[in-house]
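Sharing a model that was predicted from the sequence below.
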Amino acid sequence: VVLCCVVLFSSYQFCCCCSSNVIVKNSWDMRGQERSECLAALAKKGPGGFVVHSSRKSHAVLSFNRPNGQASHFHIEESAQGVYLVKEKMTFLDVTALVQAHMMSVYPTFGIKLVG
């Protein structure tokens, strides 16, 4: 029996045994889909529920539900160092890393943890 060790790094899985890389598609990553589809998916989620979708004005948009039932939308920009929310300026390696950080802690900008 051969056991494979898979390490999750951002949006990639890396297998230590066979050195293969597999891209993992997160259910919240709706870039490339119609905005109406993204917002309909968001409407089905509770407080902290979120989606990331494409934008004509920025790299992407992080949309999430606040506890009061209202949706908020934050533009994600890209720089040579990585990606960041326009209102925060904290840079992350990629969109997945940005989302994971916001799922682990309550950031002042949001006032709520994102729920995957």
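Received it, and whenever you're ready, just let me know what you need.

what residue is smack in the middle of the protein?
Nearest to the geometric centre of the chain sits V99, at 3.8 Å (C-alpha atoms, centre = their mean).

Quick check: that one is in a helix.
Yes: membership of V99 in a helix is supported by DSSP: H, G, I helix; E, B strand; the rest coil.

and the gap between it and P47?
Distance from V99 to P47, counting by C-beta to C-beta, to the nearest Å: 16 Å. Bear in mind the C-beta positions are built from the backbone N, C-alpha and C, glycine included.

all strands for the chain, in order.
Along the chain, counting by DSSP state E, strands occupy 6-9, 12-15, 21-23, 50-53, 60-65, 71-79, 82-85.

which residues make contact with the fourth one from outside it?
This points to strand 50-53. 28-31, 33, 35, 38-39, 41-42, 45, 60-65, 76, 95, 99, 114-116 (C-beta atoms under 8 Å, 6 or more residues apart in numbering).

Buried subset of these as a ChimeraX selection?
This is the ChimeraX syntax for the buried subset of these, where burial follows 16 or more other C-beta atoms under 10 Å:
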select :28,29,30,38,41,42,45,60,61,62,63,64,65,76,95,99,114
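
Bridge partners for the nearest residue to L42 once chain neighbours are set aside, pull those for me.
Nearest non-adjacent residue to L42, counting by C-beta to C-beta, 6 or more residues apart in numbering: V51, 5.0 Å away. V51 has the following beta-bridge partners by DSSP bridges: S63.

Okay, V51 and S79: tell me how far apart.
V51 sits 23 Å away from S79, going by C-beta to C-beta.

Who has more neighbours out of those two?
The residue with more neighbours, out of V51 and S79, is V51; 24 against 10, by other C-beta atoms under 10 Å.

if I look at the more buried one, how far off is Q81?
25 Å.

same check, this time on G111
The gap separating G111 from Q81 is 26 Å, by C-beta to C-beta.

Fine, thanks again, bye for now.
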